[in-house]
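Visitor: Show me how the following folds:
(4 chains)
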There are 2 protein chains.
Amino acid sequence: MKSNAPLILKLERFLPYRISILSNRISGIIAETYKDKFALSVTEWRIMAVLGEYPGSSAEEVSIKIQIEKSMVSRSLRKLLKRHLVTRETDARDRRRQNLELTQTGLDVYSQIVPVSYDYEQHLLQCFSKQEREVFNSMIDRLYRHAETVKLAP
Amino acid sequence: MKSNAPLILKLERFLPYRISILSNRISGIIAETYKDKFALSVTEWRIMAVLGEYPGSSAEEVSIKIQIEKSMVSRSLRKLLKRHLVTRETDARDRRRQNLELTQTGLDVYSQIVPVSYDYEQHLLQCFSKQEREVFNSMIDRLYRHAETVKLAP
DNA sequence: GAATAATAGTTGCATTAGCAACTATTTGCA
DNA sequence: TGCAAATAGTTGCTAATGCAACTATTATTC
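Guide: Numbering: from 1, shown residues only, chains lettered A, B, ... in the order given. This is a model prediction of the structure:
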C-alpha cells in the first residue's frame, strides 16, 4: 500500500490512541471500585472471574484466557491464595499442573462483584440504543479479530 | 437502578474487558514498531505527536492533552531531550513554564513515524466500510464522553 | 528406558507507571 | 507591599508489568 499519509498526525483522531484513552477511562473507574470496595486489582478480579466461570482452570489457562503474562498471574495468585479467596491443588495425573478454584469466601466476594460490574456495564451502555449496542459489540469483535492479521510496514 | 445482574459474569462479553484487550492488541502492535524502528515508547511518541501538532506546548499542556501523569511526561521528556529530539526553553514571561519544540532531528523522526502510524490505522480500518468507520468513531466518542459521567454504585 | 524436548509454574531483574512531597515561580488579595 | 494560595516541573518511593532464566515434571524419541 502506497502511503497517502498527511504531514501532521492528529492524535485525538487517531484510532489506536482513541481506543487507548477510552479503555483507560473505562478501566480506571472500575479499577477504583474494585480496589476500594474489595481490595482487588483488575488482574486479580479477572482471575477470579475466570475461576467463577471455569472452576478448576490452571494458571496457564487463566493466563491465556485473560491474556496476561503468566508471571503476573503467578504473583496475583499468590495474593489471592494468601487471602484465601482461591485454593489450588496439584493435579493428580499431571503434577506440574495446579487446579484452581474459588473458596467459599472467594465465591462470596465474586457474587458481590458480579452485580457491581454488571450494573457498571449497563450504565455505560445507556448512551447506546439496543440496536447500537449490538452494532458496537460486533464492530469491536471484528476489529479485534482483524487487528491480529495486521502487520505494519517493515 | 435495581440490579438485574446474572450470577456469573462472562468476562469475554464484558464491555470494559473487551475494550481493554482490544486496546492492548492494537497498541501492542504499534508499540513494537515504534520501539524497533525508532527506539521510542508509546508515551514518548505521543509527546512528540503533540509537539508536532502544537509546537511550543508546555509539559503541563502535553500531560493534559495525552492524559499521562506529569511525572511520566517529565521523565520521558528527559530522554527526548537527551536524544536531541526536543528542545525546551524557559518562557520569558512565566519562568515556571518551559516551552517545548521538536528539533530538526525530531521533525525528521516525526515525519517518518506519521506515515507508518497513518498506514497502520488505515490497515486496521480495512475491516469497516466507510460508513461503518464513521459510525464506529462517533460511538467511541459518545461512549468516551458518557463514561466520564458514570458513577458506580457506592 | 535413558536422553532430549516440551510444559507448568516461580523468581529475578529491569522498565514503566502512579502518587505524593518538594522546589521555584507567579498570582491573588488583604 | 507582603503573605497565602496556585501553578509548573522534578524527584523519591512503591507497585505493576514484561521478559528471560530457572526448577520440576511429563512427553517424546531413538
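Visitor: where does chain A dip in pLDDT?
Guide: Residues of chain A that meet the criterion pLDDT under 70 lie in A:1-2, A:152-154.
Visitor: Contact distance from DNA strand C - what residues of it qualify?
Guide: Proximity of chain A to DNA strand C is assessed by Cβ under 7 Å from any atom of the strand, with A:58-61, A:70-71, A:73-75, A:77-78, A:94, A:96-98 identified as the residues in range. Glycine gets a C-beta too; all of them are placed from N, C-alpha and C.
Visitor: for these, which one is nearest chain B?
Guide: In terms of Cβ to the nearest Cβ, no member of the residues of chain A next to DNA strand C lies closer to chain B than residue A:61, at 12.9 Å.
Visitor: which residue sits closest to that closest one, ignoring its sequence neighbours?
Guide: Nearest residue to residue A:61 in three dimensions, chain neighbours excluded: residue A:54, at 7.4 Å (Cβ to Cβ, 6 or more residues apart in numbering or on different chains).
Visitor: Residue A:106: neighbour count?
Guide: Other residues lying near residue A:106 total 20 when counted by other Cβ atoms under 10 Å in any protein chain shown.
Visitor: how would you label it: helix, strand or coil?
Guide: When the structure is reduced to helix, strand and coil (DSSP: H, G, I helix; E, B strand; the rest coil), residue A:106 reads as helix.
Visitor: That one: what's it in contact with?
Guide: A:48, A:51, A:80, A:84, A:85, A:86 (Cβ atoms under 8 Å, 6 or more residues apart in numbering or on different chains).
Visitor: Keeping just the C-alphas, turn the biggest helix by length in chain A into CSV.
Guide: Counting residues, the longest helix in chain A under DSSP state H turns out to be helix A:15-38. C-alpha atoms of helix A:15-38 as CSV (Å, rounded to 0.1, in the frame of the first residue of the first chain):
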residue,chain,number,x,y,z
LEU,A,15,-7.9,5.3,16.3
PRO,A,16,-5.3,3.4,18.4
TYR,A,17,-4.9,6.5,20.7
ARG,A,18,-8.7,6.9,20.9
ILE,A,19,-9.3,3.4,21.9
SER,A,20,-6.4,3.5,24.4
ILE,A,21,-7.8,6.5,26.3
LEU,A,22,-11.3,5.2,26.1
SER,A,23,-10.1,1.9,27.7
ASN,A,24,-8.1,3.8,30.3
ARG,A,25,-11.1,5.8,31.3
ILE,A,26,-13.5,2.9,31.5
SER,A,27,-11.0,0.6,33.3
GLY,A,28,-9.9,3.4,35.6
ILE,A,29,-13.3,3.9,37.0
ILE,A,30,-13.9,0.2,37.6
ALA,A,31,-10.4,-0.4,38.9
GLU,A,32,-11.0,2.2,41.6
THR,A,33,-14.1,0.5,42.7
TYR,A,34,-12.6,-3.0,42.8
LYS,A,35,-9.7,-1.5,44.8
ASP,A,36,-11.8,0.5,47.2
LYS,A,37,-14.6,-2.0,47.9
PHE,A,38,-12.8,-5.3,47.5
